[in-house]
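Participant: structural data only, the sequence is not supplied:
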């Protein structure tokens, strides 16, 4: 009889196992999450975000009048409004302002844009 035969023949005694530090979890293993599930969720969420952006772009295009202007925006624009007119991010607008490649004016320390000039400028780029 070898060592393993003795182990198999011993009766199950949970108290003895606990005292000896041999507690064995007899519960079935929890299922391992599918790593591709998170990727699929991310792709689904990204796809939904892209669809929302496309809808926003379509909505903005519908707001354009026949001259390609934005009638709901004032004649003097802030950076966020300028980004709507040009389609550029606010950061890009700031960068172009620093380089002097975009028409702007300062009003009381704030950067402002003339809508008509900005539309003409955006058609050139």
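Facilitator: Received, thanks. Remember, predicted model here, so these are calculated numbers, not experimental data.
Participant: rest of the way, CA atoms for contacts and neighbours
Facilitator: OK.
Participant: just the element for residue 113, please.
Facilitator: strand 110-114 (DSSP states H and E).
Participant: each with direction, which strands does that strand pair with?
Facilitator: Strands adjacent to strand 110-114 in the sheet, as given by DSSP bridges, are strand 76-77 (antiparallel), strand 105-107 (antiparallel).
Participant: list the contacts of the shortest one.
Facilitator: The set of residues that contact strand 76-77 without belonging to it, under CA atoms under 8 Å, 6 or more residues apart in numbering, is 112-115.
Participant: ranking the strands paired with strand 110-114 by burial, who's on top?
Facilitator: Sort these by mean neighbour count, taking mean count of other CA atoms under 10 Å, and strand 76-77 sits at the top with a mean of 17.
Participant: show me what the helix or strand just after it is packed against.
Facilitator: Downstream of strand 76-77, the first helix or strand assigned by DSSP H and E is helix 79-86. Packing partners of helix 79-86 (3 or more CA pairs under 8 Å, 6 or more residues apart in numbering; DSSP states H and E): helix 90-99, strand 110-114, helix 115-124.
Participant: can you give me the buried ones in the last one?
Facilitator: In this case it means helix 115-124. 115, 118-119 (16 or more other CA atoms under 10 Å).
Participant: rewinding a little: to residue 72, which of the helices and strands packed on helix 79-86 lies closest?
Facilitator: helix 115-124 (11.3 Å; CA to CA).
Participant: helices or strands up against that closest one?
Facilitator: Using 3+ CA pairs under 8 Å, 6+ apart as the test, helix 115-124 ends up in contact with helix 79-86.
Participant: for the helix it packs on, what does the pLDDT average out to?
Facilitator: Helix 79-86 comes out with an average pLDDT of 90.
Participant: can you lay out the strands paired with strand 110-114 as a markdown table showing distance to residue 31?
Facilitator: Output for the strands paired with strand 110-114, formatted as a markdown table (distance: least, CA to CA, whole Å):
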| stretch | distance to residue 31 |
| --- | --- |
| strand 76-77 | 56 |
| strand 105-107 | 61 |
